[in-house]
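Student: 3D model of this:
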Amino acid sequence: MFRLAYVPGVTPAKWVNVWTERMPDVPITLVAVPAAEVVGLLRNGGADAGFVRLPVDRDGLSVIPLYVETTVVMVPKDHAVTAADEVTVADLVDDEVLHPLDDTIEWTVRPGLPAFTRPATTADAVELVAAGTGILLVPLSLARLHHRRDLTYRPVPDAPQSQVALTWPTDATTDLVEDFIGIVRGRTVNSSRGRTPASPAEKPAQRQAQKPAQNGSGRRAVPASRKRVVPASRKKKGHRPR
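Tutor: Numbering: from 1, shown residues only. From the prediction side, this is the model:
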């Protein structure tokens, strides 16, 4: 069994599907875990590998950065920023910006005005946005995860962004972990790092590809080393070699 942890907003389905096709005898178990707890889970052996949001404490961990997400601002549908297709951090200077304890964006200076409270989770902060008591900046995938009919979002291109990475305990880099790394990196089954042998069904096609080429008459071509060599003395006019 292979245990894969993932934080909210990350969708591991495409990699899990490839694993299921390539490793049908090794079940994969998904472990949903809050972003603040995933590193502890990996270090305690609760999962073999996990998708995390950077930055994390990398002590004892191997990390492969994967992709960066756009940061968006979640607001009520009647908020002034909805008049634009995208906004800047400066546009939010007069708004109370919620800062949940599980915030996944690393800020140097937080935008807007500090809110009256710090919610424990992003989900709690979304409830406060819906109540009209502040706005919230999150990675796009979290805005989609917490979608509500009374809320909307707009991209904030100049805000810091959240990066998703694959990580695992370095001392526990097993063959199964290597297999999953290969899948995430897009390696094929027959790549040099893959452990799955080529399918026997491919062998006949390989043998057929190695057959000698045929000439235009349909006869098999004769290798140059087997062609009969006629001495120069016998190459007389009208004489045909046998």
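Student: just the helices in the protein please.
Tutor: Per DSSP state H, the chain carries helices over the ranges 13-22, 38-43, 122-130, 140-145, 175-184, 203-209.
Student: got the domain boundaries for the protein?
Tutor: 2-68+163-184, 71-160 (automatic domain parsing).
Student: Any chance of JSON lines for those, columns mean pLDDT?
Tutor: JSON lines is the format used below for these (pLDDT from 0 to 100):
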{"stretch": "domain 2-68+163-184", "mean pLDDT": "96"}
{"stretch": "domain 71-160", "mean pLDDT": "95"}
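Student: Just put the ones you listed in JSON lines and tack on mean neighbour count.
Tutor: For every residue, glycine as well, the C-beta is placed using N, CA and C. What follows is those, written out as JSON lines (neighbours: other Cβ atoms under 10 Å):
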{"stretch": "domain 2-68+163-184", "mean neighbour count": "16"}
{"stretch": "domain 71-160", "mean neighbour count": "17"}
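Student: thinking again about what came up before, need the helices of the chain in CSV with distance to residue 152, can you?
Tutor: Output for the helices of the chain, formatted as CSV (distance: least, Cβ to Cβ, whole Å):
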stretch, distance to residue 152
helix 13-22, 26
helix 38-43, 29
helix 122-130, 10
helix 140-145, 9
helix 175-184, 32
helix 203-209, 54
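Student: For residue 68, which of those helices is the nearest?
Tutor: Among those, helix 140-145 comes nearest to residue 68, with 10.4 Å by Cβ to Cβ.
Student: helices or strands next to that closest one in the packing?
Tutor: Contacts defined by 3 or more Cβ pairs under 8 Å, 6 or more residues apart in numbering; DSSP states H and E place helix 140-145 against strand 71-76, strand 151-155.
Student: and that helix, how far out from the chain's middle?
Tutor: Chain-centre distance of helix 140-145: 16 Å, with Cα atoms, centre = their mean, to the nearest Å.
Student: what does that helix rub up against?
Tutor: For helix 140-145, the surrounding residues in contact (Cβ atoms under 8 Å, 6 or more residues apart in numbering) are 8-11, 69-72, 74, 104, 122, 153, 155.
Student: Out of the residues you listed, the closest to residue 177 would be?
Tutor: Using Cβ to Cβ, those come closest to residue 177 at residue 10, 17.6 Å.
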